[in-house]
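> Show me how the following folds:
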Amino acid sequence: MFSLLSKFFSKAGAGSYTRNPGSLDYDKLIQLDAENLAEQGIADAYQQILPALREHVDHPADLFEILDADLPAYTIQCNGDEYIVYSAEESGSEKESWGRATYFLFLIVNKQLMGTDVQFYAIDGGNNLAGIFLSPEQAMLAQTSIKNRTEWPYIPEMNEPWYGQYH
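Numbers count the residues shown, from 1 in each chain. Okay, the predicted model is just below:
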């Protein structure tokens, strides 16, 4: 992560660094890790996101995990919607469960942000997945200042193999 962060600072003088205009405020990143999300960690991650979400939404939704060790299955419920992260009946690769967990968490948060001036964007993916609240304008500014497309903020999608991450 340190190497990623160092890319967004430019040398301003002997021993001092300043942020690029348009770069992201990495102090506001919320570390998530897609593997942890897929391994029954969405509720914990949501709790970590809630303080920042409350800055934009008065009453964030409750989120519940449903675990069935007999199948096995891992499902999330939020606002009357059910999201199947993993089910033995719908077996898929480990990467698919990471992508599904990421997609569902960001979908749940972004549905609540409808009508606000921000969205919850993903940064990176896999074990380095993080999230950040940005306006669409801030996201576009970051894209102009970040050379590597894979490091651009994005809204996760339910499509393999990149799940919305730029390449």
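
> What is the burial count for Gly126?
Using other Cβ atoms under 10 Å, Gly126 has 13 neighbouring residues. Bear in mind the C-beta positions are built from the backbone N, C-alpha and C, glycine included.

> typo on my end, Gln31
What Gln31 shows, counting by other Cβ under 10 Å, is a neighbour count of 14.

> contacting residues around it?
Contacts for Gln31 (Cβ atoms under 8 Å, 6 or more residues apart in numbering) come out as Leu129, Ala130.

> what about 7 Å?
Contacts for Gln31 (Cβ atoms under 7 Å, 6 or more residues apart in numbering) come out as Ala130.

> where do the strands sit along this structure?
Assignment of strands within the chain using DSSP state E yields the ranges 9-13, 16-19, 30-31, 63-68, 73-78, 81-87, 119-123, 130-134.

> Comparing those, which comes out most buried?
Stretch with highest mean neighbour count among those: strand 119-123 (a mean of 23; mean count of other Cβ atoms under 10 Å).

> can the strands of the chain go into a markdown table with extra columns for mean pLDDT?
Output for these, formatted as a markdown table (pLDDT from 0 to 100):
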| stretch | mean pLDDT |
| --- | --- |
| strand 9-13 | 31 |
| strand 16-19 | 33 |
| strand 30-31 | 98 |
| strand 63-68 | 95 |
| strand 73-78 | 96 |
| strand 81-87 | 93 |
| strand 119-123 | 98 |
| strand 130-134 | 98 |
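
> where's Tyr103 relative to Glu137, distance?
24 Å (Cβ to Cβ, to the nearest Å).

> ok so, going back, reformat the strands of the chain as TSV; add distance to Tyr154.
What follows is the strands of the chain, written out as TSV (distance: least, Cβ to Cβ, whole Å):
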stretch	distance to Tyr154
strand 9-13	22
strand 16-19	21
strand 30-31	15
strand 63-68	22
strand 73-78	21
strand 81-87	19
strand 119-123	5
strand 130-134	11
